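Enquirer: Provided below are the primary sequence and the corresponding predicted coordinates.
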Amino acid sequence: ELERRYPHQNWPSRRRTLERRIREWRALKGPEKEVIFRQANPPGRMALSDFTDAAELAVTINGTPFAHRLYHFALAYSGWQYAEVVQGGESFVALAAGLQNALWSLGGVPAEHRTDSLSAAFRNLDKEAAADITGRYEGLCGHYGMVPSRNNRGIAHENGAIESPNGHLKRALDQALLLRGSRDFPDLDAYRRFVAEVVGRANVRRREMLAVEKPLLRALPPRRTVDYEEARVLVTTAGGFVLRKVFYTAPSQFIGHHLRLRIHDDRLEGFLGGTPVLTLPRGRAPVGNGHGYVVNYHHVIHSLRRKPQAFQNLVYRDHLFPRTEYRRTWDAMTASMDPRVACRTMVGLLALAHDAGCEADLARRLGEDLDHGRLPDLAALRTAFPVNGGTVPDVTVVLPSASDYDVLVAGASR
């Protein structure tokens, strides 16, 4: 603005002088600033939890980008930490599972547990739902004898003992990924082991301070408390049920039955009455108005055998393929084959993978055929992967003589 008003002045050379004088004026005449009071953290008193977005790590699972967060727990005094992969959001279920896993890995309980107000868990909730989560969180801390506390909303430095370690954790993971030479993992369990190893190596440097702090931690309770939500669903004639805009397939024997579900961050556990009957990976609906699908072809293949033409326009067809080779095979067949024949062949391939237990080996064979420009020969594949008839081995049972029992009784009486 000064250059516009007074264009003949040499303002670029005077800019630094002007800025310095403004800074001095602000220091002398400006408003009072907030003072941060550094706190001493005695051993055994406080632990902190937080969630941090791990998108910057660019991790992939079997070639697919893996959007996730990390739950991060740390002791304020010693800096001992625990971290685990969270697939969903900052939910109470993720907090309850992560916190309990951390405490049982630590082997003790601090006096106080602090969070950042669980802002993501409270977002878009009405007062009744927010109060329910608050009560559950206080109940969780009460089970372990910890005092729950939260920093003031929007004041991150009050949670600095975990906010700063968040950055250190992600930098350590990033460096370890660089040394590993790849950010791709064959499955989620492999990535979880990787995170645990990185955190474990960091905790080695904190052994001495942890040795001071651990005797001051409280004892763990006899057992864990609930770290899941519950729901009741009906398995419909579609071969599954819908939960939170996600369709899950289930064994067809459960059609018409109500299942009681335990909803964890990464899985669903299904109970028929009090009997555990199935475990399914947790699915999430896509952003927007779409629906998600968690489909297991083993659950529906017996019906597809009888109605193979249903495969072509099946709502969840694209989620039915267990591996990418099966999807590539379907695309190749539909591009050069009569649709009815393609449906019968694809259903036959899935049935073969189910009956012979050869899903991975068959996928490799299909991939090799596609790489050489060949479509699958179902008859030849059935010969290559025979179905085990389940023959029962001969078992010879030798009955002991009655006198052998007399020896046992005589020995017991002595």
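Expert: Looks like it came in fine. Numbering: from 1, shown residues only.
Enquirer: Just to check, residue 376 is in contact with residue 350?
Expert: No: at 11.7 Å, residue 376 does not count as touching residue 350 under the criterion of C-beta atoms under 8 Å. Using the backbone N, CA and C atoms, a C-beta is placed for each residue, glycine as well.
Enquirer: okay, those two: which has more neighbours?
Expert: Set side by side, residue 376 and residue 350 give different neighbour counts by other C-beta atoms under 10 Å, the larger being at residue 350 (25 against 21).
Enquirer: What residues of the strand or helix carrying the more buried one count as buried?
Expert: Here residue 350, judged by DSSP states H and E, is contained in helix 339-356. Buried residues in helix 339-356, counting neighbours by 16 or more other C-beta atoms under 10 Å, are found at 342-354, 356.
Enquirer: next structured bit after it?
Expert: Taking DSSP H and E, what comes next after helix 339-356 is helix 359-371.
Enquirer: and stretch 357-364, how far out from the chain's middle?
Expert: Relative to the chain's own centre, stretch 357-364 is displaced by 26 Å; criterion: C-alpha atoms, centre = their mean, to the nearest Å.
Enquirer: which of the residues in that stretch are buried?
Expert: Neighbour-count burial for stretch 357-364, counted by 16+ other C-beta under 10 Å, picks out 358-359, 362-363.
Enquirer: Could you export it as CSV, CA atoms only?
Expert: What follows is the C-alpha trace of stretch 357-364 in CSV, where atoms were taken according to Å, rounded to 0.1, in the frame of the first residue of the first chain:
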residue,chain,number,x,y,z
GLY,A,357,-9.5,-75.7,-1.2
CYS,A,358,-7.2,-74.4,-3.9
GLU,A,359,-8.1,-70.7,-4.1
ALA,A,360,-4.5,-69.4,-4.1
ASP,A,361,-3.1,-72.1,-6.4
LEU,A,362,-6.0,-71.7,-8.8
ALA,A,363,-5.5,-68.0,-8.9
ARG,A,364,-1.9,-68.4,-9.9
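Enquirer: pLDDT averaged over that stretch - what is it?
Expert: Predicted confidence along stretch 357-364 averages 94 (mean pLDDT).
Enquirer: need the contact list for the most centrally placed residue in the chain.
Expert: Closest to where the C-alpha atoms of the chain average out (C-alpha atoms, centre = their mean) is residue 87, at 3.6 Å. By C-beta atoms under 8 Å, 6 or more residues apart in numbering, the contact list for residue 87 reads 68, 265-266, 282, 284.
Enquirer: so how far is residue 194 from it?
Expert: Residue 87 sits 16 Å away from residue 194 when distances are taken as C-beta to C-beta, to the nearest Å.
Enquirer: Could you list the domains of this structure?
Expert: Following the assignment in the TED database, the chain carries domains at 46-216, 229-384.
Enquirer: how about stretch 35-46: buried residues?
Expert: Of the residues in stretch 35-46, those buried by neighbour count under the rule 16+ other C-beta under 10 Å are 43-46.
Enquirer: what about stretch 201-216, how long is it end to end?
Expert: 23 Å (C-alpha to C-alpha, to the nearest Å).
Enquirer: Any chance you could list what contacts it?
Expert: Stretch 201-216 has contacts (C-beta under 8 Å, 6+ apart) with 43-44, 75, 77-81, 106-108, 169, 172.
Enquirer: Enumerate the positions of it that are buried.
Expert: Neighbour-count burial for stretch 201-216 flags 202-203, 206, 210, 213-214 (criterion: 16+ other C-beta under 10 Å).
Enquirer: so which of those residues comes closest to residue 328?
Expert: residue 202 (41.4 Å; C-beta to C-beta).
Enquirer: returning to what we had before: go through the domains of the chain and find the least confident stretch.
Expert: The stretch with the lowest mean pLDDT among the domains of the chain is domain 46-216, at a mean of 86.
Enquirer: So which residues of this structure form helices?
Expert: For the chain, the helices identified by DSSP state H occupy 2-5, 11-29, 92-106, 119-122, 127-144, 160-180, 188-204, 207-213, 297-306, 324-336, 339-356, 359-371, 378-384, 402-413, in order along the chain.
Enquirer: which one of those lies closest to residue 63?
Expert: Proximity to residue 63, assessed across those by C-beta to C-beta, is greatest for helix 324-336 (8.1 Å).
Enquirer: now for the closest one, which elements pack on it?
Expert: With contacts defined as 3 or more C-beta pairs under 8 Å, 6 or more residues apart in numbering; DSSP states H and E, the packing partners of helix 324-336 are helix 339-356, helix 359-371.
Enquirer: Reformat the ones you listed as JSON lines; add distance to residue 275.
Expert: JSON lines is the format used below for these (distance: least, C-beta to C-beta, whole Å):
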{"stretch": "helix 339-356", "distance to residue 275": "24"}
{"stretch": "helix 359-371", "distance to residue 275": "28"}
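Enquirer: Which one of those helices lies nearest to residue 55?
Expert: helix 359-371 (29.5 Å).
Enquirer: Against which helices or strands is the helix holding residue 350 packed?
Expert: Under the contact definition 3+ C-beta pairs under 8 Å, 6+ apart, helix 339-356 sits against helix 297-306, helix 324-336, helix 359-371, helix 378-384.
Enquirer: Columns distance to residue 150 on top of those, output as JSON lines?
Expert: Rendered in JSON lines, the data for these read as follows (distance: least, C-beta to C-beta, whole Å):
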{"stretch": "helix 297-306", "distance to residue 150": "43"}
{"stretch": "helix 324-336", "distance to residue 150": "45"}
{"stretch": "helix 359-371", "distance to residue 150": "47"}
{"stretch": "helix 378-384", "distance to residue 150": "59"}
